[in-house]
Every structure is written in structure tokens, then in C-alpha cells.
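I would like the atomic coordinates for the input below:
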Amino acid sequence: MAVLRRSSYALARISPARPYATSSNASKLTIGIRREDPLRIWERRCPLTPDVVNELTEKEGVDVLIQECERRVWSTDEFVKAGARVHPTLYPAHIILGIKETPLQEVFNDPIPALSGSVDHPLLPRTHLMFSHTIKGQMYNMELLSKFVSSDIPGGTQTQDPALLPRLIDYELLTGEDGKRTVGFGWFAGVAGALESLSALAHAQLELGVASPFLYTPRPHSYPTLASIRALLKDVVGARIALEGTPKSLGPLVFGVTGMGKVAQGVLDLLEDLPIEKVKVRDLPALVGNPDTDLHKIYVVHALPEDYFVRNDGMRYSRSDYYANPQDYQSEFHSKIAPYLSLLLHGAGWSPSYPRLMTNEQLTLALEKAQQVGRGRFACVGDISCDIEGGLEFLPNTSTLSAPFFSTRPNTLPAHLPSVTMMAVDILPTALPLEASQHFCRVLMPYLRSLIAGYRGTNTRQGKEHEALDKATVAWNGKLTEKHAWLQKPLGIWSRSTAASAAAARAYLSQISSDTAKRDTTLNLKKKVLMLGSGMVAGPAIEEICKRPDVQLLVASNSLADAERQTGSFANATARLVDMSDAEQVGQLIQESDLVISLLPVPFHPAVAKLCILHRKHLVTASYISPTMRALHDEAVAADVLLLNEIGLDPGIDHCSAISLLDSIRAQGKEIVSFTSFCGGLPAPECAEDVPLGYKFSWSPKGVLTATLNAATFRVRGKNYHIDGSNLLPAHIPDIPVSKVIKFEGLANRDSLPYAKFYGLGPADEMRTIFRGTLRYPGFSRLMNGFSRIGLLDSSAPIRLDSWTSLARKSLEERLGTLVMDDDLSIRSAIRDAVESVSLDEMGELVDSLCWLSCMPHSALESVVGNQTASLPPLPSQPMLPIDLFATLLAHKLRYQPAERDLVVLHHEIVARPQGRSDARSVPSTETHTSSLISYGTPQASAMSRCVGLPVAFAALQVLEGSVQLRGVHGPTDKAVYENVLRRLTEVGLGVSEGVRRGTGSVEDTLHRHFSNRGPALEA
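The predicted model follows:
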């Protein structure tokens, strides 16, 4: 779901002057029905029905205005026929009704002409009714609240008469004499949440390889009425369960329900349409453990607080004591209830001072026990409460009706335990817009009539409705009501933050050019940057961009929790959930921005680029220019758009540093005869000890694996060489002299020859040497070649695993085309057949590594001291390619641990000579220039994330300022771009070190010795 945060600078602090209405309706009581925020695409509810509008206009003499909206459950024409009038802004309305909070630009806080006959005052304050989401001090809505209070309160609105500021009534605070809420959608949230959760359960069970009757569950928004939904649920799903039963392999299906309010009641009422049997918590172990339990019904346990909350001292639950001393209680839900459930329908509320239903640590315990209880236990949760990291700590974010469920696994969850499917839609009632709106209107009307009477002066402000409205009032007469006076504190924090940001913006604007200052003198012209993706390199880029107070950053990601975590510390950054398959949504985000940064996987870039061209927005990426991207050059030029790519590390910093050094050498009147470049992202040496490959992965390693299979072409000492992908690893260079301290080996990196043209070196066949390579620690290539030869990198045919320890055997069977017995000696024999001539030491290293990685059967594993076979990722249920299976295993076994750091190494070597000299081997006339970068990760950020994210940020801000004149598809070859990026990198401690010495290059000499000794076999 989109996280809607309010820009601190969206509106001026003083209400705009407006002419008061002068039509014949100016003195007639007017109610306005608001269009809901267009950004809430699923919001179809309406506070009043056409029937009630007809009653108000025809019988009660009220003028009703309505804003046009094509999404609303009732059409605008239906309201017009009922007596309403269409109005674009609702400005003449005394009482303005909506469901969710009003968009800031649509809040009218100036007064309205009094009704005819009023002599006390010619003007009256308006009344706004909504779910304002301000009453808990939500910082993102403090600007909304500020429009209802005067400047006597920090951040308030400047006005000559505070009593004329509008009244804010929050539906959430309307209660009856018993203290329970009277106006809301709780029951409908329960009904819709149960339906969406049943669909999520069906998907979770499909992932287990089982089709259940819940595949036929109707999704609530897809049917016109609730009655039709319930009939389908009963007649199709329920009848199928009663007739055929539920899948035997899953055992009895048990649904747990929490909560005691209207949400829980809605869930329970909906489940009555299924063949259910209600059971007690104490019945669960015997019920699930009995093989004779009837599978032709669903078992429902309504778990109450006394079932799972206990005092820390072991005493029983007491409701009064619990609310008085919540810190003295803890939950046992994870051990007593969760492991037996097929589906949890969570409808209980939670506050920070109270114990959680389940913590992340308790989730681990629950899943450990659930694995023992039976298949599919605690596989799915419908969190209807939608408290992010609340009662269920492992809920990382809410979901939307477009994508109602997702898989979650907190960082504390061991890899051998499965993820949990979560349904957490936070606007569930709008999936039932008809009945939800009818109910809402019915319970709201007594309060609305009381407000009407109050405006007309026909009551004495007595009665239960008046009292309830007073209690539900957040602000009135320019003041916060007594109950909500505490909101002055978050208002003050918001106000000070706004003032500080404004001051910083003014200070920044005073330092930039007059042209830029003219564009940005008002805060309303704040530049908007859209960042697509919130992966591992996003953090440093976000931090750098947010240092600019004149920039507003929106991070849109498929992981809202990641995006919120990375933007939460910055006042000028917000997060939003995005579905990249929804071109309309992505296009809207791009249209609303001034510049787009894409940190998405490479295949997404061309589609994003096309939308940027369509909406005439510049784009910055860190990825290589693909043929598809390059084909967009002419379109981008025609649209006056820059698509700037290859501005990360490799590619990125490597280009910038190489071109800068090359320009410097040429300026000295010298010509380039040799260019070599190596780059590598590695674990720091102390983190690479005693792990296979001397390597660790911070994301999926499949890209690393496939890179070892790429063919390579390059030129060394006047000869062109070509290496087939199958021979790349055996042809590795054992000792690349880029460091006097750390030893590296190298691999040729794809086709180096086109870089002669890219770097302006002239024709490749006129260069003596041109070579680009990848750095790894010694032994990487030899061991990876062993993995390749036994079939672990194959991508021709999928295999199905019995266990992770069968991976080596299954890959060998596919590679050798013969059956391999499942015992240690047979597998070792098959490995020898696959790798052929290797030394005993190499064979031992390969087998030991396979054991360490848990690819070998248990008999071999037992010989490897310290290996923990329990810590493994979930075993895929479907056949997969060996390379994908191996990548999954490596991502888990060779992942970075807390406190481990990474290392980035970049090294260019350029050999030059005076122009016109042909004796390229003459030592006195030859110079070797070097450019190097070595960076280690810090506790705050990895070296890789800084070396990729920061160049992206520097280039994006430069493009945003308008100082890059390039258009079309480009890399960072423009001098203005690479000089700025290198200067800024130096400022943050990532500057390259340059050097020069007489003589030929040591790297070039190493390459020459290595490839000349391999004979003509590799020569192209």
C-alpha cells in the first residue's frame, strides 16, 4: 500500500483568501460529500447513501453538494437524482464528510457565511468529519491537524479570529454510553479479512503442493453484494468440504481467531458459512494428533486473552489486573495455540505498553514446534489488525487489495524454518463498499442530524449525540480539546522540523547560482526525486540525496518495510509500495517526479526508461547499457531526456577514474599503448578465511555463478585471445599484482575490445593490450571449476532434490548421464569421473567444500568437523536447474554475518609513451600510470553499497540541477559528469589514488607471461 505522508511544504501556512459564497444557497445549511484521495485507488466507500441524501434535501431542507468520482460505490448520477448538486471543491459547505483524511490541498479552514436569520455573527466555522489519523500523534498528519488550530499553538494557522477555524471530528472517537465505538467498519473488516485470508491460505497450501477447497473462495471486491459472496462460499467451498473433506496430507484444518470486538465477530460470522466445529484451546493437541479426526469440517478455536496471557509470576490471567499492570504479563500463544493452527485470523488490537501476541523469537519457537506437529501448520496468518510490528512483531508491512498477501521471514528466523504467508490489507472494508457504506451511513446519521440542529440553533447542546460529538472533537475554536491537548507536543516537533528544514533550504539556496535560485526560491518548488528499488545499495544513496533540503525523495519498492526502514530517519524522504508490473502506477509516480533513479534489476530498466521518455523525465541507473536500452537513444533525444547509465562501481567509478586518467595522459602529449583494469567486490580477508571459494554473497549469487561461464575476448601484447565460457575458469590468471599486501587471482571479464572505442583509445587492433578482468582470492577459480565440472552450474535440465545433501549426486547423474548410488564411495567415484585429471589435494578440497556446503550425503558430512547441517534453506518443492539450486544454497551458507565487512578493489594500469615513438618496449620512453581504489565496509554501510550508491546520488543531483547537457542514452563519459563524481567521491573518502613510474606495466607483463605460456590455443 502507498504510504501517504504529507510534505512539510505542500501549502502555505496562512489560509488563502477566498470570496465567500454569494449565491442563493449561501444562507442555506450545506453538507459536502468529499471525493476520497485519488491516490487511494481502492477506496470506494461513501459516508452517505443516495436514499439519505434524498431525505436530507427533500424533507430536511439541506443542500447537499458532492464531488465527482467515478470510483465511488454509487455513481454521481444516483446522487444527483437523489437531490445532490455536483460541486468541484465543496467550498460552500458548512459540514464536510469523507471517510479517510482529507488531502491537504482540499482542506478549507476559513469560515462560511452564517445561515439566514443569524444575527450573532455573519460567519460560522466549518465542521470536518473523517478518520483523521491524527489522534495518536501520527507525525505525517500533523500538518493536517495544524490547519484546525491557531498560531497560539506551535505550527498552527495564522488567523485574526481563532474561533472561526473549523471543527475536526474524528469518527474513531465516536462512542456509545458503554464506551464502545459506534461509527466504524470493524465487522466488515472481519468479514473481508477472513475471505482474503482464506485465499492466502489456498496459495500457501499450493506452495506445499496441495490444492484445497479454499481455492474457490470468492474475493470480496469481485462480487456486487455480500449476500452473493456468502452464498458462493457456502454452496461451493463449504459444500465441497462437507462432501469431499479437506486434504488428508494436511490433517485437520484448524482456524484460530483472536479478538473480542466487531472485527472478530465479523470473522466468526463469516466462518459460519462453512461446516465448522468450535473447539477449545485445550482440545487442540488431541484434535490434531488424532488420525481419525473428521476431515469433513473446519475446526475453529476462538482464543481469548485468558487462554494465552499469563502473569510472569505464574498466576492466572485477570482482566482488571492485566489492564492495570500489562508489564506483568507474557503471551504463551506461540506454544499453546500457534503450532496447531492452519490459519490464524488475528483481530485483536495492541498498544506498545502491552505484551505482543507473538514476538519474532516466539515465531521461531512456534514454527519449530509446528514442524513437529504436522504439515502446513502455522503456514498462513491473516492479520486483520494490521499493526505493523505490533501484536504480531513479524508483520513488516501492510498489503493492498491488488496484492493482498506476501511471504515474510524476520531476520531472526533460522533458514531451515519456512516463511509465513501474511494477509495484511489495511483497507479491508472497502472491499465490501456497498454494505459497509450503508452501515456507516445508518450509524452516522444520528450524529449528523445533531450537527445540523446545532448549526440551525434548534437544540440546547444536550443529549447523548451532542455529548458523543464533543468527546470525538479533536480541535475546535482554534484549540485542541482538553483530551487532546497533548497533541501540542507532536505538533511542536513537526513545526520545529519544518522550520529547520526551511532554514536549511534557504541557506542552501543562497549559495547556488542566481538562475537556480530563481527556480527554487519557494519551497513549493522543491525538486522531487523518485528512487525505484530499496535494495542493498540504496542506503548510502538515500542518505546523500536527503542531505539536500531542496529535494524531496520518494523511495518506491516492492518491500515497503525496507523502504520505510531506509527513509525513516529523513524528513525529506518517504516510502511507497510499488508493483513494477503495474505500468499505470509506475507511470504516475514518474510523471509526478523531476528525476528518476532506478536501482531495480537490469531487466526492468528499459521499461522504466520508456516511461521516462513518455513523461519527459531524466533517468539515472548503475547498470550496463543493454542493447534494448541503447536502442532508446533517438527517442530520448527527441524527448529532451537523458538516460544516464553505468554510474555505480563497475560500471561507474571504473569508467570515471579511467577516463579522467586517460584525459590527463593525453593532455601531456602521450599516446596510450596498453590499458588493463581489474575490479572485485570481496569479503575482507579476515572474513574469507576457512570458507569455500574465499567468497561471500550479499545478494543472490547466481550472477556470480553465470559470470564464471561467460566467454571472454581481449588483446595482450599484440595478440587477440578468445576464451570459451567452458574454459574461463581454467584460464584464470593466478597472481594479479595489484596489491603488495593481498594476493588476488583474475578472470577475464567478457569482451574487452569494445572499450578501446568507449575510452577513445582508437581501433582495438592498434592497441598493444586491452584487458578488463575480475578479482578473486586465490583458489576461487580452481574450486569453482570443480563445481562446474560436476554439474552444479548446469542450466540445461532441472533436477528434483530429496534433500540438500543430494545436490551433488543429482547434479552428477545429470552431468554423467548415469545413476549414482547414494553412498559416500559412489559419489566420490563419480566426482573423479567428472573432474578427470586432478591432484589428490584438489580432489580433497572439492569434496571437503561440498561437505561444508551440505551438498554431500550424511556419511561424508560426518567427517567434516563443525558443519551444521541443520542450518539450511527451505528445500524447493519443485524441480529446479542445478545452478539455481546451488545459488540458493550459496546465498545461505556463504552470506555475510553480523559485524563482518566487505572489501572493494579497483585498479587501472595504463602504459603510455610519447607521441610518435614506435619503440613501445623501450623502458626510458615508457610510463606506467596507475589508478587504484581500496575501500572496506563500515558498521554503517558496506563498501559495495557506498561505491555503487554514492556515484548514483552524485550524478542524479547533478542532473537535477540542470548542469548536465547530455541527452539520449549515455554512460559517464561526459567530463562534467565524471569530474563531479570523482570530486565528490574524494570528499567522502572514496577518492582514487594515482601513481606513475618508468617502464612497462607489471599487470600487462603478468598477463603476457600467463597467456603466452598457454600456447596458441586461445588465440582468436
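
tell me the domain ranges of the chain?
Using the TED database, the domain parsing of the chain gives 30-182+435-489, 185-431, 528-644, 653-778+900-1013, 783-858+878-894.

Those domains into CSV, with extra columns for mean pLDDT?
Formatted as CSV, these follow (pLDDT from 0 to 100):
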stretch, mean pLDDT
domain 30-182+435-489, 91
domain 185-431, 94
domain 528-644, 90
domain 653-778+900-1013, 89
domain 783-858+878-894, 89
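
Based on its surroundings, how many neighbours for Arg768?
A total of 20 residues lie near Arg768 under the criterion other Cβ atoms under 10 Å. (Each C-beta comes from the backbone N, C-alpha and C, glycine too.)

residue ranges of the strands in the stretch 751-900 of the chain, please?
769-776 (DSSP state E, counting those that start in this stretch).

where along it do the helices fall?
Ranges of helices in the stretch 751-900 of the chain, per DSSP state H, counting those that start in this stretch, are 755-758, 780-789, 807-816, 824-835, 840-852, 858-861, 882-893.

Can you tell me which of these is nearest to Arg311?
Distance to Arg311, taken as Cβ to Cβ, is lowest for helix 882-893 among the helices of the stretch 751-900 of the chain, at 39.8 Å.

Could you export that closest one as PDB, CA atoms only?
Extracted C-alpha coordinates of helix 882-893, given in PDB (Å, rounded to 0.1, in the frame of the first residue of the first chain):
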ATOM      1  CA  PRO A 882      21.300 -27.200 -10.700                       C
ATOM      2  CA  ILE A 883      22.700 -23.600 -11.000                       C
ATOM      3  CA  ASP A 884      19.600 -22.200  -9.300                       C
ATOM      4  CA  LEU A 885      19.700 -24.800  -6.600                       C
ATOM      5  CA  PHE A 886      23.400 -24.100  -6.000                       C
ATOM      6  CA  ALA A 887      22.800 -20.400  -5.900                       C
ATOM      7  CA  THR A 888      20.100 -20.800  -3.300                       C
ATOM      8  CA  LEU A 889      22.400 -22.900  -1.100                       C
ATOM      9  CA  LEU A 890      25.400 -20.500  -1.500                       C
ATOM     10  CA  ALA A 891      23.200 -17.500  -0.700                       C
ATOM     11  CA  HIS A 892      22.500 -19.100   2.700                       C
ATOM     12  CA  LYS A 893      25.800 -20.800   3.500                       C
END
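
Okay, angle between that helix and helix 780-789 too, please.
Relative orientation of helix 882-893 versus helix 780-789 (axes from the mean of the first three to the mean of the last three Cα atoms, to 10 degrees): 130 degrees.

helices or strands up against helix 882-893?
The elements that helix 882-893 packs onto, with contact taken as 3 or more Cβ pairs under 8 Å, 6 or more residues apart in numbering; DSSP states H and E, are helix 702-707, helix 807-816.

quick check: angle from it to helix 840-852?
Computed by the same axes, to 10 degrees, the angle separating helix 882-893 from helix 840-852 equals 70 degrees.

Could you check the angle helix 882-893 makes with helix 807-816?
Comparing the axes of helix 882-893 and helix 807-816 via the same axes, to 10 degrees yields an angle of 160 degrees.

going forward, begin numbering at 669 instead of 1
Fine by me, first position is 669 from now on; the one you just mentioned is helix 1550-1561.

hmm, back to that, could I get the helices of the stretch 1419-1568 of the chain as JSON lines with mean neighbour count?
Formatted as JSON lines, the helices of the stretch 1419-1568 of the chain follow (neighbours: other Cβ atoms under 10 Å):
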{"stretch": "helix 1423-1426", "mean neighbour count": "16"}
{"stretch": "helix 1448-1457", "mean neighbour count": "22"}
{"stretch": "helix 1475-1484", "mean neighbour count": "22"}
{"stretch": "helix 1492-1503", "mean neighbour count": "17"}
{"stretch": "helix 1508-1520", "mean neighbour count": "17"}
{"stretch": "helix 1526-1529", "mean neighbour count": "16"}
{"stretch": "helix 1550-1561", "mean neighbour count": "22"}
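
can you put these in JSON lines and add distance to Ser784?
Shown next, in JSON lines, are the helices of the stretch 1419-1568 of the chain (distance: least, Cβ to Cβ, whole Å):
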{"stretch": "helix 1423-1426", "distance to Ser784": "78"}
{"stretch": "helix 1448-1457", "distance to Ser784": "87"}
{"stretch": "helix 1475-1484", "distance to Ser784": "84"}
{"stretch": "helix 1492-1503", "distance to Ser784": "95"}
{"stretch": "helix 1508-1520", "distance to Ser784": "87"}
{"stretch": "helix 1526-1529", "distance to Ser784": "90"}
{"stretch": "helix 1550-1561", "distance to Ser784": "74"}
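
Out of these, the one nearest Arg887 is which?
Closest to Arg887 of those, according to Cβ to Cβ: helix 1550-1561, at 31.8 Å.

after the closest one comes which helix or strand?
Scanning forward in sequence from helix 1550-1561 by DSSP states H and E, the next helix or strand is strand 1570-1582.

so what strands line up beside that following strand?
Here strand 1570-1582 has these sheet partners by DSSP bridges: strand 1338-1351 (antiparallel), strand 1595-1604 (antiparallel).
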